[in-house]
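[1] From the sequence below, what's the structure:
(2 chains)
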Amino acid sequence: MLKQKIQDVFNEPACGKNQAKGEKQRKKGCAKPLTPGAAAGGCAFDGAKIALQPITDAAHLVHGPIACEGNGWDNRHAASSGPRLYRMGLTTDMSEMDVIYGGEKKLYKAIKEAIDRFDPPAVFVYQTCVPAMIGDDVIKVCDIATKRLGKPVIPVNAPGFAGSKNLGNKLGGETLLDYVIGTEEPKVTTPYDINIIGEYNLAGELWQVMPLFEKLGIRVLGRITGDARYHEVTVAHRAKVNMMVCSQAMINVARKMEERWGIPFFEGSFYGVSDTSDALRKIARLLVEQGAPEDILDRTESLIAAEEARVWRRLEVYKPRLKDKKVLLYTGGHKSWSVVSALQEVGMKVIGTSVRKATENDKQRVKEIGGEDVHQFEAIPPREMYRMLKESEADIMLSGGRTQFVALKAKMPWLDINQERHYAYAGYEGIVAMVHELDKALNNPIWEQVRAPAPWDGEAR
Amino acid sequence: MAEIVTSHKACSVNPLKMSAPLGGAMAFMGLDGCMPMLHGSQGCTAFALVLLVRHFREAIPFQTTAMNEVTTILGGLDNIEQAILNVASRARPKVIGICSTGLVETRGEDVTGDLKLVRQRHPELDNVALVYASTPDFAGGFQDGWGKAVTAMVETLAEPSNVRDRRLVNILAGSHLTPADLEEIRELVEAFGLHPVILPDLSGSLDGHVPETYVGTTFGGTTLEDIAVMGRAAVTLAIGEHMRPAALALEARTGVPFHLFERLTGLGAVDDFVSCLMEVSGTEVPARIRRQRSQLVDAMLDGHFHFGGRKVALAAEPDLLFALSSWLGEMGAEIVTAIAPQTSPILPKLPVGEVVIGDLGDLEDRAAGCDLLVTHSHGRQASDRLGIPLMRVGFPMFDRLGAAHRLSVGYRGTRDLIFEAANLFIAHTHEHGPDDWPLPQEGEAHAAVTAH
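    Numbering: from 1, shown residues only, chains lettered A, B, ... in the order given. Below you'll find the model as predicted:
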């Protein structure tokens, strides 16, 4: 079952990377084999949970020994405008006895306890490695629980050993397709209903773009899954347009929703000024194609014009402070280029960007925007990254938490632009916020002091 | 003697517990030039790594054998072999510390046998020490994994010796000790003219220093040379009940006798430790330590007003729970509930009626009406919901800075702890109003003439 599912998501026809592959390669799947002793990143369970946990009013129950939930609960900043249940760490905490005798009964009891205690609209049950190995049938237990307890109890079959975090994102998406989306009907629909897929409201980023939609009269019917409520995801199949954020993570959801319910989708981003404008334009155009009145096109253009002008005006003050500062971007996917133009607009020089996880299309965009000056890196080993910073090839690094201390230990400014960040960088507001954070980081007075050697030492830095 | 009660829930709510492999790997981080590694799926390492980074705010060297679906079925020998070779060539560690996980233990991997094979096949690894601890996720918790890893270090790396160095003292450090705690212990021991070898020594590796070059392994910590001379020590001082198996193993291997200190927080507890150092060294207590003791006595005098009758709910790893509840009890506070994530021989000694083996959900259910919650950072949700201040202790502490530098042992550590808790009590003092002291209603006059 799981094997089929994995084969199925690997066979994603809408995936740009996949299209470029031959038949044989495609069969092999897109998961690069992990190198033991040189691997980094989360497992499939991690990815599935990242994709589904932002459904804020649901209970998220992890079936496994303590490591899977005990070491990792409440660790992201997917924000909620209301319910807090999603932040509770729920797990069967399997003991040795459960491993020997099987954990299905305990799992059923745990589901019942969670429903009795929290009365959630639904329970997501996450399979992990150990119960998968001993043959606990999570799908069967969830099925029985749904029938007996009268609430949707949804199995998320993505044990860690199945593969990477990215695969887990997709398996999380499959879960929504199999068990959630299309199971209820909305009370009302409008010609302006859209879904946003693959956006998790990290640090509240969704709230930076929601006012734009509201201004245009666009209704986000299903947030998949940032700041979502369970019932809104169940009716998402009635939206007119799907916007897929975050590149490849949930492409299977968008594509299959098109297949099943004829909802057109496009891939877009809220990172960067032109990306945000493009996304709004595409939504408006697709809505019109789906039958919405045409005036939304003009309204969208005037909103874009006003907001873009406002952004550039607000960025003006940073220009003298950031001019000619050299940036190393170490991220991946569409972020490898989507913030480049904003950085250039304030006069910064992007000396390099990493194109790991990026598609050919992404790489082309880097070239278009940055020209030949922007060096395209694959993975940079930490030792090399440290040298680049230490020798001031860049003045600041923008990356994820994993490489934070490479920059800081080299006594160089660093800005978090990955999932764990505490600041919101989406939309027009977000780009101003990001430039503000860059300014704060680069122009903090500590740098001079921390780099200076102790009075009794030589010229350390 | 406290009764141990197990919460019989099937659904753990807001785990207090963390996994044994995480504890084991963190212990390995106290060795110099080490690469800790979990033998499991890459997620096992990733979750633990994120938690460690959030707590210490440091680069954490930490690898995985990256087991996948196929190797989970066929066996992990190839993965562990490749992982060791890759780590050895890329990070050039002096020691690789390996912990098993639920995944490989469920399969029943013979890791010890696999490691023997790897050794035979790869003489180029002769200069890399390999230490292995079996730490299934489904048995015990964080401090148990730490204990197993330290026992494995002793059994693999310590050597018996005919020489005795009367000035050399081994310190077996439990998982509840921060880098600052270890520095305090080192200073205390050195004040008596003794030379301590601390195993494992997070104060060397995770104390937040800035090296001048990039290092891919741990940088600082107990060296292999340090461990090799532990067999010559006059005595081993083990801190925390979960260090007993390691102390016994070290004694069995080297003949070095040990004293076990169940805690180093609280006046009497530190007095015992200092008396022991006096005896081992044959030296009087130095003036500055007497002064520190006097400062603690003064802090107890100033602080006791704020502790008397205060209701406190605690949840922590067993040895930390024991240290803190004993100290709070000694200050006059009332321990309303004490929760441990898993059992331990120390728990019956807690100064409470019962200890619950449970989670932060149990803490929240039992803590209503308390004046203070004492647990790790995950207690923040319960603290918000109950409106009770939270004193963050132990691991993980991800929503405050300076976790590595929090001191809670020795005279100075106990003194600071008194101030911290008392200040929380003071900050949340109820200001009285005109309606606070009503006369009894009719018919109530004779009721409730009890102490409150």
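
[2] and whichever residue of the stretch 151-300 of chain B sits closest to chain A, helix, strand or coil?
    Closest to chain A within the stretch 151-300 of chain B is residue B:214: 3.9 Å, counting by C-beta to the nearest C-beta. To be clear about C-beta, it is placed using only N, CA and C from the backbone, and glycine gets the same treatment. The local conformation at residue B:214, judged by DSSP: H, G, I helix; E, B strand; the rest coil, is coil.

[3] neighbours around it, how many?
    Look at residue B:214: counted by other C-beta atoms under 10 Å in any protein chain shown, it has 19 neighbours.

[4] Quick check: it vs residue A:376, distance?
    Shown here: residue B:214 relative to residue A:376, a distance of 23 Å by C-beta to C-beta, to the nearest Å.

[5] where exactly do the strands run in the stretch 351-452 of chain B?
    Remark: strands assigned in the stretch 351-452 of chain B by DSSP state E, counting those that start in this stretch are B:354-357, B:372-375, B:390-392.

[6] can you put those strands in a markdown table and add mean neighbour count, mean pLDDT and distance to chain A?
    A markdown table is the format used below for the strands of the stretch 351-452 of chain B (neighbours: other C-beta atoms under 10 Å in any protein chain shown; pLDDT from 0 to 100; distance: least, C-beta to the nearest C-beta, whole Å):
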| stretch | mean neighbour count | mean pLDDT | distance to chain A |
| --- | --- | --- | --- |
| strand B:354-357 | 20 | 97 | 11 |
| strand B:372-375 | 26 | 98 | 13 |
| strand B:390-392 | 20 | 98 | 14 |
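
[7] okay, those in a markdown table with distance to residue B:165 next?
    Listed next are the strands of the stretch 351-452 of chain B as a markdown table, based on distance: least, C-beta to C-beta, whole Å:
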| stretch | distance to residue B:165 |
| --- | --- |
| strand B:354-357 | 40 |
| strand B:372-375 | 40 |
| strand B:390-392 | 39 |
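
[8] any idea how chain A splits into domains?
    With domains defined by automatic domain parsing, chain A comprises A:31-179, A:193-314, A:318-422.

[9] of those domains, which approaches residue B:224 most closely?
    domain A:31-179 (20.4 Å; C-beta to C-beta).

[10] Need phi/psi at residue B:106.
    Dihedral pair for residue B:106: phi -70, psi -40, per degrees, to the nearest 10.

[11] Against residue B:136, how distant is it?
    The gap separating residue B:106 from residue B:136 is 8 Å, by C-beta to C-beta.

[12] Tell me the residue of chain B that sits nearest chain A?
    Residue of chain B nearest chain A, by C-beta to the nearest C-beta: residue B:43 (2.6 Å).

[13] before we move on, back to that, would you single out the least confident of the domains of chain A?
    Between the domains of chain A, the one with the least mean pLDDT is domain A:318-422; it has a mean of 84.

[14] Kindly check the end-to-end length of that one for me.
    21 Å (C-alpha to C-alpha, to the nearest Å).

[15] Would that domain count as contacting chain B?
    Yes - residues of domain A:318-422 contacting chain B under C-beta under 8 Å from any C-beta of the partner chain: A:382-383, A:386-387, A:401-402, A:404-406, A:409-411, A:420.

[16] Can you name the two of those that sit furthest apart?
    Greatest spacing in these, by C-beta to C-beta: A:387 and A:420 (25.0 Å).

[17] mind listing what residue A:99 touches?
    Each residue near residue A:99 by C-beta atoms under 8 Å, 6 or more residues apart in numbering or on different chains is listed here: A:65, A:130, A:134, B:102, B:106, B:138.

[18] Please repeat the previous calculation with a cut-off of 7 Å.
    A:130, A:134, B:106, B:138 (C-beta atoms under 7 Å, 6 or more residues apart in numbering or on different chains).

[19] in a helix, that's where residue A:385 is, yeah?
    Yes - checked against three-state DSSP, residue A:385 lies within a helix.

[20] Could you find the closest non-adjacent residue to it?
    Nearest residue to residue A:385, sequence neighbours excluded (C-beta to C-beta, 6 or more residues apart in numbering or on different chains): residue A:406, at 5.1 Å.

[21] how near is that neighbour to residue A:386?
    Remark: distance between residue A:406 and residue A:386 (C-beta to C-beta) = 5 Å.

[22] the more surrounded of these two?
    residue A:406 (26 against 23).

[23] mind listing what that one touches?
    Listed by C-beta under 7 Å, 6+ apart, the contact partners of residue A:406 are A:382, A:385-386, B:59.

[24] and chain B, what are its domains?
    B:20-140, B:165-204+B:215-285, B:290-427.

[25] Tell me which of those domains sits most buried.
    Across these, averaging neighbours per residue (mean count of other C-beta atoms under 10 Å in any protein chain shown) puts domain B:20-140 on top, at a mean of 23.

[26] what's the spacing between it and its chain's center?
    For domain B:20-140, the gap between its own C-alpha mean and the chain's C-alpha mean amounts to 21 Å (C-alpha atoms, centre = their mean, to the nearest Å).

[27] Of all the helices and strands in chain B, which has the lowest average confidence?
    Using mean pLDDT, DSSP states H and E, helix B:69-74 stands out as the lowest-scoring helix or strand of chain B, at a mean of 90.

[28] Please save the CA atoms from that one in CSV.
    Coordinates of each C-alpha in helix B:69-74 appear next as CSV, following Å, rounded to 0.1, in the frame of the first residue of the first chain:
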residue,chain,number,x,y,z
GLU,B,69,12.9,0.9,4.0
VAL,B,70,15.1,-1.6,2.2
THR,B,71,17.9,-1.6,4.8
THR,B,72,15.3,-1.8,7.6
ILE,B,73,14.3,-5.1,6.0
LEU,B,74,17.7,-6.4,5.0
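
[29] Next SSE downstream of that helix?
    Using DSSP states H and E, the next helix or strand after helix B:69-74 towards the C-terminus is helix B:77-91.
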